[in-house]
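S.K.: Task: produce atomic coordinates for the following.
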Amino acid sequence: MNIRWLGHSCFLFTNQEGLRVLTDPFDEKVGYPVPRIETDIVTVSHHHHDHDSVQVLPGKPQIVDGEGSYSFSGLSIKGTATFHDTQQGAKRGKNTLFSFTMDGVHIVHLGDLGHLLTPEQLADVGQVDIACIPVGGFYTIDAEQAYQVVQQLNPKIVLPMHYKPDETSSLPIEGNAGFLAYFAHVKMAKALDISPSSLPRTQEAIVLELYEAE
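M.R.: You can find the predicted model right below:
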């Protein structure tokens with residue numbers, strides 16, 4: 001499986017057969033190049049412009065939106081209901097985290113999670129190999145809370161997302177440095193090619209470089 005980061009909370013997962021899953025596409029207001037990239041399946045964690053801009057995508061991908069179990073092209077995806085804040089959604093609404101297994105590797109994308117996970121939510125997700133987690137705070141959990149969620153899930157690989165890209169950004173969120181400080185093993189990568197046998201034995205935080213589709 002290949003993993004690329006297109007900015008913010010948008011990742012592209014491609015399995016060995018070429019099936020593509022894109023998460024949380026955004027529009028031009030976010031500041032990254034808009035991810036106008038072909039995909040087979042797109043997950044939408046919640047309906048804010050920086051996570052649900054499916055109209056920017058070419059073609060007609062299958063849209064996965066909300067809690068429940070989905071199956072497309074042999075891939076099973078589970079949506080687990082969570083909240084965008086610590087007030088049961090009263091402040092920013094609902095959020096869906098999505099988990100799926102691709103080429104034998106179990107992934108969870110946490111969307112704009114705003115709280116620690118409950119035992120029921122953890123049981124719904126199950127064992128995790130790779131976690132895509134928001135770390136910038138303000139709209140979501142902050143660095144400390146994000147690390148607590150990492151401890152809850154105990155993945156082999158942690159992919160931070162939803163953080164301020166640089167000091168010129170107008171986003172009212174923090175960068176990723178505070179979150180990465182919690183980890184003994186931090187790496188940078190252009191992309192990830194991963195399989196069950198290549199998962200690290202010791203937990204790693206991996207910062208993916210921005211991928212701009214041609």
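
S.K.: In terms of secondary structure, what does the helix ranked longest in the chain contact?
M.R.: Scanning the chain for the longest helix, with DSSP state H as the assignment, gives helix 143-153. In terms of contacts (3 or more C-beta pairs under 8 Å, 6 or more residues apart in numbering; DSSP states H and E), helix 143-153 is packed against helix 119-125, strand 130-134, helix 177-180. Bear in mind the C-beta positions are built from the backbone N, C-alpha and C, glycine included.

S.K.: Mind giving me the packing neighbours of the shortest one?
M.R.: Same thing as helix 177-180. Checking 3+ C-beta pairs under 8 Å, 6+ apart, helix 177-180 ends up next to helix 143-153, strand 204-208.

S.K.: same thing but 7 Å
M.R.: helix 143-153 (3 or more C-beta pairs under 7 Å, 6 or more residues apart in numbering; DSSP states H and E).

S.K.: what about this protein, any weak spots by pLDDT?
M.R.: Low-confidence segments of the chain (pLDDT under 70): 89-90, 92-93, 167-168, 214.

S.K.: what ranges do the strands span in it?
M.R.: Here the chain has its strands, by DSSP state E, at 2-7, 10-14, 20-23, 41-44, 62-65, 68-72, 75-83, 94-102, 105-109, 130-134, 157-161, 186-189, 192-193, 204-208.

S.K.: would TSV of those with distance to V149 be doable?
M.R.: Below are the strands of the chain laid out as TSV (distance: least, C-beta to C-beta, whole Å):
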stretch	distance to V149
strand 2-7	19
strand 10-14	17
strand 20-23	17
strand 41-44	18
strand 62-65	22
strand 68-72	22
strand 75-83	10
strand 94-102	10
strand 105-109	10
strand 130-134	6
strand 157-161	10
strand 186-189	17
strand 192-193	20
strand 204-208	13
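
S.K.: The closest residue to Y182 other than its chain neighbours: neighbouring residues, count only.
M.R.: Nearest residue to Y182, sequence neighbours excluded (C-beta to C-beta, 6 or more residues apart in numbering): Y147, at 4.4 Å. For Y147, the tally of surrounding residues (other C-beta atoms under 10 Å) stands at 21.

S.K.: contacting residues around G178?
M.R.: By C-beta atoms under 7 Å, 6 or more residues apart in numbering, the residues touching G178 are A143.

S.K.: Swap in 8 Å and give it another go.
M.R.: 135, 142-144 (C-beta atoms under 8 Å, 6 or more residues apart in numbering).

S.K.: Return the members of the residues you listed classed as buried.
M.R.: Neighbour-count burial (16 or more other C-beta atoms under 10 Å) applied to those gives 135, 142-143.

S.K.: on that earlier part again, now the helices and strands packed on helix 143-153 as JSON lines including distance to L6?
M.R.: JSON lines is the format used below for the helices and strands packed on helix 143-153 (distance: least, C-beta to C-beta, whole Å):
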{"stretch": "helix 119-125", "distance to L6": "23"}
{"stretch": "strand 130-134", "distance to L6": "12"}
{"stretch": "helix 177-180", "distance to L6": "20"}
